[in-house]
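Participant: model this:
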Amino acid sequence: MKQPPRFKGIPVVVFTGSEEPQEVQHCYVLGANACVRKPIDVDAYFAIMRSCVEFWDACQAPRLSSVS
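Facilitator: Modelled structure (predicted):
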């Protein structure tokens, strides 16, 4: 997913129902920037989604147009 240089600056967050350490590790090996366990409760799910968006929005990252 992040092999083309123009995609390297896009954060990849994996939402998973798995708690298996091997599966989480595999997500990072494949290039994920974060692996988040999905809660069952809908309100908690949306709270985590908001937190992720706020976190990545606050991060300093290169502009995609400057990445070739």
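
Participant: number of nearby residues for residue 47?
Facilitator: 12 (other C-beta atoms under 10 Å). Placement of C-beta: from N, CA and C, glycine included.

Participant: next up, the contacts around the most centrally placed residue in the chain.
Facilitator: Note on the chain: the residue nearest the mean C-alpha position is residue 13, at 1.4 Å, using C-alpha atoms, centre = their mean. Residues in contact with residue 13 (C-beta atoms under 8 Å, 6 or more residues apart in numbering) are 32, 33, 34, 35, 36, 52, 56.

Participant: distance from the helix or strand the last one falls within to the middle of the chain?
Facilitator: Secondary-structure assignment from DSSP states H and E places residue 56 in helix 42-58. Here helix 42-58 shows a centroid-to-chain-centroid distance of 11 Å under the convention C-alpha atoms, centre = their mean, to the nearest Å.

Participant: which residue ranges of the protein form strands?
Facilitator: Secondary structure of the chain (DSSP state E): strands at 13-16, 34-37.

Participant: and for the last one, what's in contact with it?
Facilitator: Counting by C-beta under 8 Å, 6+ apart, strand 34-37 makes contact with 11-19, 24, 27-28, 48, 52, all of which sit outside it.

Participant: of those, buried ones?
Facilitator: For the contacts of strand 34-37, a burial check counting by 16 or more other C-beta atoms under 10 Å picks out 13, 14, 24, 27, 48.

Participant: can you redo the contacts of strand 34-37 as JSON lines with pLDDT and distance to residue 41?
Facilitator: Formatted as JSON lines, the contacts of strand 34-37 follow (pLDDT from 0 to 100; distance: C-beta to C-beta, whole Å):
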{"residue": "11", "pLDDT": "86", "distance to residue 41": "24"}
{"residue": "12", "pLDDT": "90", "distance to residue 41": "24"}
{"residue": "13", "pLDDT": "92", "distance to residue 41": "19"}
{"residue": "14", "pLDDT": "93", "distance to residue 41": "19"}
{"residue": "15", "pLDDT": "92", "distance to residue 41": "14"}
{"residue": "16", "pLDDT": "92", "distance to residue 41": "16"}
{"residue": "17", "pLDDT": "90", "distance to residue 41": "13"}
{"residue": "18", "pLDDT": "87", "distance to residue 41": "17"}
{"residue": "19", "pLDDT": "85", "distance to residue 41": "16"}
{"residue": "24", "pLDDT": "93", "distance to residue 41": "21"}
{"residue": "27", "pLDDT": "92", "distance to residue 41": "22"}
{"residue": "28", "pLDDT": "92", "distance to residue 41": "26"}
{"residue": "48", "pLDDT": "94", "distance to residue 41": "10"}
{"residue": "52", "pLDDT": "91", "distance to residue 41": "16"}
